[in-house]
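Next input, structure requested:
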Amino acid sequence: MTILVTGARGHVARSLIQQLLEAGEQVRAASKDPAAAHLPTAVDVVAADDPALALDGVDRVFLYADPQGLDAFLAQAREAGVRHVVLLSAALADPTATDAIARLHGVAEESVTASGLPWTALRPGAFATNTLQWAPEIRTEGRVTNPFPDTHSAPIHEADIAEIALNALIEDGHENAVYELTGPDSITQRDQLNTIARTIARPLEWHLQDLETHRQVLSRWGSPEIVESLLKHSVAATNIPVTTTNTFAKITGKHPRSFAQWAEDHKEAFTGTN
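Purely as a prediction, here's the structure:
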């Protein structure tokens, strides 16, 4: 049977697709722009706006937490005979939360748990791939401009999230489970920049940015409410280490990938070379 991976152009989805192929699974990928997915030829790529086609012959699904249209998709998945859904949610997901990001993911989780389908919810904290937004400025200016150099997070490698999703999709015993996921260490944004500098063997600087300009930069990530949530998270974690989890080690028996490993894996993004 086939495993459907939605959001096929996302970092987690792309890593999961590769891991599924390596595990010998049959994979279909759904994308809003199939022509731009650029996936291995073994992957059946379909349009995300055609759920009937995407779900045909599928028995397991990896989903991004987009509440829009989710209930209808899950109803179609149930009718198509899907027997397990793995949802990429977020830390602190709660449909009643005042925080916009936590509420959005909480609403998506609520839909999945009410669908009647066996499910697994993955709740990662900070994604290491968020740091890729620094890449253009690092390449051209040798710096990062941001107001929050001392904000802590425990950034998780997208391959670690994908590996937990892989286990949940192809193994028994993960039904109706919630997995809180972090990277192995709580580090500041300045620590992340210094790690990238060591990786690419280039000195990099931190330039402070005023909050209003930062709000304008963040606006590309969503509504003003989302922007304010992101700012509140940054302020709350300034000089305060975050709690890490051992979920990855418990499920896989391996140590999670470090931010240094992530920086090495994405080195070319910060140098502009292949």
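
Quick check: chain neighbours aside, which residue is closest to Asn239?
Spatially, and ignoring its direct neighbours in sequence, Asn239 is nearest to Asp150 (5.1 Å; CB to CB, 6 or more residues apart in numbering). Where C-beta positions appear, they are placed from N, C-alpha and C, glycine not excepted.

just the helices in this protein please.
Assigned by DSSP state H, the chain shows helices spanning 11-22, 51-55, 70-80, 100-113, 135-141, 158-170, 189-200, 211-218, 224-236, 247-252, 259-265, 267-271.

and the angle for the longest one with helix 70-80?
Think helix 100-113. Computed with axes from the mean of the first three to the mean of the last three CA atoms, to 10 degrees, the direction of helix 100-113 lies at 20 degrees from that of helix 70-80.

what packs against helix 100-113?
helix 70-80, strand 84-88, strand 119-124, helix 224-236 (3 or more CB pairs under 8 Å, 6 or more residues apart in numbering; DSSP states H and E).

and of those, who's closest to Ala135?
Nearest to Ala135 among the helices and strands packed on helix 100-113 is helix 224-236 (18.8 Å), distances taken as CB to CB.

What helices and strands are in contact with the closest one?
Where contact means 3+ CB pairs under 8 Å, 6+ apart, helix 224-236 is packed against helix 100-113, helix 211-218.

Of those, flag the one that's most buried.
Across these, averaging neighbours per residue (mean count of other CB atoms under 10 Å) puts helix 100-113 on top, at a mean of 21.

weakest of the helices and strands packed on helix 224-236 in terms of mean pLDDT?
Confidence, taken as mean pLDDT, is least for helix 211-218 of these (a mean of 89).

Could you quantify the relative orientation of that helix and helix 224-236 as an angle?
Counting by the same axes, to 10 degrees, helix 211-218 lies at 120 degrees to helix 224-236.

Helix 211-218 packs against which elements?
By 3+ CB pairs under 8 Å, 6+ apart, helix 211-218 packs against helix 224-236.

Now the helix it packs on: buried residues?
226-227, 229-231, 233-234 (16 or more other CB atoms under 10 Å).

nearest to Leu88, of the helices of the chain?
Here helix 11-22 is closest among the helices of the chain (CB to CB), at 6.1 Å.

Give me the buried positions along that closest one.
Going by neighbour count (16+ other CB under 10 Å), the buried part of helix 11-22 is 11-20.

again with stretch 33-49
Buried, per 16+ other CB under 10 Å, within stretch 33-49: 34, 37, 39, 43-46, 48.

cool, stretch 241-261 as well?
Neighbour counts over stretch 241-261 (16+ other CB under 10 Å) mark 242, 244-245, 247-248, 251, 256-259, 261 as buried.
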